[in-house]
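A.B. asks: predicted model and sequence follow; I will ask about them next.
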Amino acid sequence: MAERGASGGGSGGDSLDKSITLPPDEIFRNLENAKRFAIDIGGSLTKLAYYSTVQHKVAKVRSFDHPGKDMEQEHEPPYEISVQEEITARLHFIKFENTYMEACLDFIRDHLVNTETKVIQATGGGAYKFKDLIEEKLRLKVDKEDVMTCLIKGCNFVLKNIPHEAFMYQKDSDPEFRFQTNHPNIFPYLLVNIGSGVSIVKVETEDRFEWIGGSSIGGGTFWGLGALLTKTKKFDELLQLASRGRHANVDMLVQDIYGGAHQTLGLSGNLIASSFGKSATADKEFSKEDMAKSLLHMISNDIGQLACLYAKLHGLDRVYFGGFFIRGHPVTMRTITYSINFFSKVTVASFLSLGTVTCGLGLGQGEVQALFLRHEGYLGAIGAFLKGAEQDNPNQYSWGENYAASSGLMSTSPELCPTQRARSGTFDLLEMDRLERPLVNLPLLLDPSSYVPDTVDLTDDALARQYWLTCFEEALDGVVKRAVASQPESIDAVERAEKFRQKYWSKLQTLRHQPFAYGTLTVRSLLDTREHCLNEFNFPDPYSKVKQKENGLALKCFQSVTRSLDSLGWEERQLALVKGLLAGNVFDWGAKAVSDVLESDPQFGFEEAKRKLQERPWLVDSYTKWLQRLKGPPHKCALIFADNSGIDVILGVFPFVRELLCRGTEVILACNSGPALNDVTYSESLIVAERIAAMDPIICSALREDRLLLVQTGSSSPCLDLSRLDKGLAVLVRERGADLVVIEGMGRAIHTNYHALLSCESLKLAVVKNAWLAERLGGQLFSVIFKYEVPT
């Protein structure tokens, strides 16, 4: 495809090549496997959506045909690894200016291979204007869809599938975005679509919504009146003028009427008493900037008041704003946010009786939230696509944003508007990958609506942000080296690894300047972005051979470790088990302090790791409390989230599991569905458990009797989001009545979930393998976190 795009795929392709900074085949990716199209055409922007099947490499592990083979020969691995091709589904969304319409359609036509596609779903006002052009260029029948239905379907989709989709805009914050954790139940909410006019829709369920109000005073009013007042015809230029204006030069304020007496009335002197009020009496010319700013405030305040009134009348606290009037512009988001915050404090009775700015102010913060969406511009295209794909029921799956190929949110600083999308030649991209299983909340979260996975928000913490971005930059050479080493037979591994380096480095630089690009920036999102970039260049599991070797070595030591534990007294054994868990957790190739040791000293093993651990009392030490609990009745069922392969899972986790089983506790052992660093995967855990069962009767009988169950988490991350777990795991947790959750590892128990509140007992344990983080927590390298919590 790259060759076809570069060698002149028709005249449209050539003209497109000359118009933009990204190669066309990096924008319209995987067109040869596109199955279905949808398009949303607005007044100035077009949003194209299509579904494709993506073929990529996955690492598979398989047990040898002869069990025990690895025990017979000293250096025989415990299983074999193969790299296979797998087909998954992907959604592509592309936003571009209407001026590129014909060139884009030509490029799609010249590169579209799949002839099964006969229809393209279309929405937006331009669906009528460009219908003939689309049918002529693509030879597809245009099937027009209702605009509002598409918007709502698109809004539901992004709120359910993109964790940091919604944000509040705060003018004086740095950065100005404050992302919201998605509520487990997104309904009900108010959608305020500001186009030429304003439509206000109450959304109650996936399929039930009603238009409850609106106004003819909207974006078209701002544009039209603005053009009359300033002689400026372009919408973005009008917003530019407004961003530089001072509305107080044109508007009459409360202090202009009451002077200093406004304080005795309990009013702010800066409140607008009358929009454009000074223009009737002042004998002077007003600047275009000031008039544009006054007009923007007047219309935004009107929309905000209207939206707030409807939200209060219907008992809703979440109001999402969209439409071309928003389009990520800071001035519009700022004024609407101010209006909502102001009127949110006003009682409904005051609204109805007075209807003015100066009425019935309450105390405290506003009750209604003005929320904006990262992918607001795509809602119509997403909805149109979903309408056309209803027979495939895409809502039965969960989807995840592919950070490697998505543009991300850009800064809304006024100086970057309206050319803020020039980075890719005014093209903006979003890709969503279909996940194999639906993802749901862990049923044991105390309050899913307030759960925040990540411990530190790097968007807020500038010092931590700079440290971790530099840390990931410095680790890049090692990741590239590991990726190449994982595919020694591949002739293009070095070339692909270099492309990975460039892609991930570019992402890191974007995040230095725009830390909010993909939502709240965290260590987890940096790790996940790296995994996405590795997969993008067909490095599905760079640590596969490392894990294979370490699993084999650890299996050979399992029996001696359990014999040693069994020889100890009960109380001594409990501490030894915990130290074994912690020592195993040292073996983390994602931590530079550890990878340096492992590469320089191949003999570094389980006992050496124990000696590295901090002596008690630990940095966080609830061990005494845990020991007292163990003297009580056994837990019914323990859910354990495992971390690393090799010594960690085999010599740390499995002996701990074995002890719980002996106490009469059932165990659910949850491992990653896909690879990340040297974390153990579900498929690897099955083979490891099979090998251990052949050596240990306790594990063997527990597996046979379903008292030990191995499940997948639905994740391919070194961290853990308890709000997005495999549905099968959640069902099992309910069925078995899990009353203990054990989370181990720095990624799962420190970077994420350190403050997570559960409705049952929990044990969070990890070794701090990063000196900077250890110092920040008040400890040293290899400090121990052992946090046992009981819900109040």
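C.D. replies: In hand now; what should we look at? All values derive from a computational prediction rather than experimental measurement. Numbering: from 1, shown residues only.

A.B. asks: how much space between the residue lying closest to residue 758 once chain neighbours are set aside and residue 743?
C.D. replies: Of all residues not flanking residue 758 in the chain, residue 444 sits nearest, at 5.0 Å (Cβ to Cβ, 6 or more residues apart in numbering). The way it works is simple: take the backbone N, C-alpha and C, and place the C-beta from them, glycine included. When distance is defined by Cβ to Cβ, to the nearest Å, residue 444 is 11 Å away from residue 743.

A.B. asks: swap in residue 335?
C.D. replies: From residue 335 over to residue 743 (counting by Cβ to Cβ), the distance is 44 Å.

A.B. asks: what about the two, which has more around it?
C.D. replies: residue 743 (27 against 24; other Cβ atoms under 10 Å).

A.B. asks: quick revisit: list phi and psi for the residue nearest to residue 758.
C.D. replies: phi -90, psi 0 (degrees, to the nearest 10).

A.B. asks: for it, give me its contacts.
C.D. replies: By Cβ atoms under 8 Å, 6 or more residues apart in numbering, the contact set of residue 444 is 639, 733, 738, 741, 758, 759, 760.

A.B. asks: residue 448 too?
C.D. replies: Taking Cβ under 8 Å, 6+ apart as the criterion, residue 448 is in contact with 184, 441, 723.

A.B. asks: residue nearest the middle of the protein, spatially speaking?
C.D. replies: With distances taken as Cα atoms, centre = their mean, residue 163 lies nearest the centre of the chain, 4.7 Å away.

A.B. asks: for that residue, which non-adjacent residue is spatially closest?
C.D. replies: residue 182 (5.6 Å).

A.B. asks: could I get the pLDDT score of the residue sitting furthest away from the middle of the chain?
C.D. replies: Within the chain, the residue lying farthest from the chain centre (Cα atoms, centre = their mean) is residue 283, at 54.3 Å. Here, the pLDDT recorded for residue 283 equals 80.

A.B. asks: list phi and psi for residue 604.
C.D. replies: Torsion angles at residue 604 (phi, psi; degrees, to the nearest 10) stand at phi -60, psi 120.

A.B. asks: the closest residue in space to it that isn't next to it in sequence: how many residues sit nearby?
C.D. replies: Distance criterion Cβ to Cβ, 6+ apart; nearest residue to residue 604, sequence neighbours excluded, is residue 597 at 5.5 Å. Residue 597 is flanked by 17 other residues according to other Cβ under 10 Å.

A.B. asks: distance of residue 597 from residue 584?
C.D. replies: For residue 597, the distance to residue 584 (Cβ to Cβ) stands at 15 Å.

A.B. asks: how close does the residue nearest to residue 758 get to residue 760?
C.D. replies: Residue 444 is 5 Å from residue 760, by Cβ to Cβ.

A.B. asks: any residues in contact with both of these two?
C.D. replies: 738, 741.

A.B. asks: picking that back up, what's the ChimeraX line that selects buried ones from the contacts of residue 448?
C.D. replies: Those of these that count as buried under 16 or more other Cβ atoms under 10 Å are selected in ChimeraX with:
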select :441,723
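
A.B. asks: can you put the contacts of residue 448 in TSV and add distance to residue 552?
C.D. replies: TSV is the format used below for those (distance: Cβ to Cβ, whole Å):
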residue	distance to residue 552
184	42
441	37
723	36
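
A.B. asks: which one of the contacts of residue 448 is nearest residue 220?
C.D. replies: Of all the contacts of residue 448, residue 184 has the smallest distance to residue 220: 37.2 Å, by Cβ to Cβ.

A.B. asks: I'd say the closest one and residue 447 touch.
C.D. replies: No. Contact criterion Cβ atoms under 8 Å: residue 184 and residue 447 do not qualify, at 9.6 Å.

A.B. asks: related to what we said a few turns ago, just checking, the residue nearest to the centre of the chain touches residue 528?
C.D. replies: No. If you go by Cβ under 8 Å, residue 163 and residue 528 don't touch, sitting 10.8 Å apart.

A.B. asks: thinking again about what came up before, ok so the residue farthest from the centre of the chain is a helix residue?
C.D. replies: No. Read with DSSP: H, G, I helix; E, B strand; the rest coil, residue 283 is coil and lies in no helix.

A.B. asks: 44 is where my numbering starts, stick with that
C.D. replies: Understood, numbering begins at 44; the last thing we discussed is residue 326.

A.B. asks: and which of the contacts of residue 491 is nearest residue 833?
C.D. replies: Taking Cβ to Cβ as the measure, residue 833 lies nearest residue 484 of the contacts of residue 491, at 21.1 Å.

A.B. asks: isn't that closest one up against residue 765?
C.D. replies: Yes. In this structure, residue 484 is within contact of residue 765 by Cβ under 8 Å, at 7.1 Å.

A.B. asks: could you name every residue contacting both of the two?
C.D. replies: residue 494.

A.B. asks: and the gap between the residue nearest to residue 206 and residue 365?
C.D. replies: Taking Cβ to Cβ, one finds residue 225 at 17 Å from residue 365.

A.B. asks: who has more neighbours, these two?
C.D. replies: Neighbour tally, residue 225 and residue 365, criterion other Cβ under 10 Å: the higher count belongs to residue 365, 23 against 20.

A.B. asks: quick check: pLDDT value at the more buried one.
C.D. replies: pLDDT, read off for residue 365, is 91.
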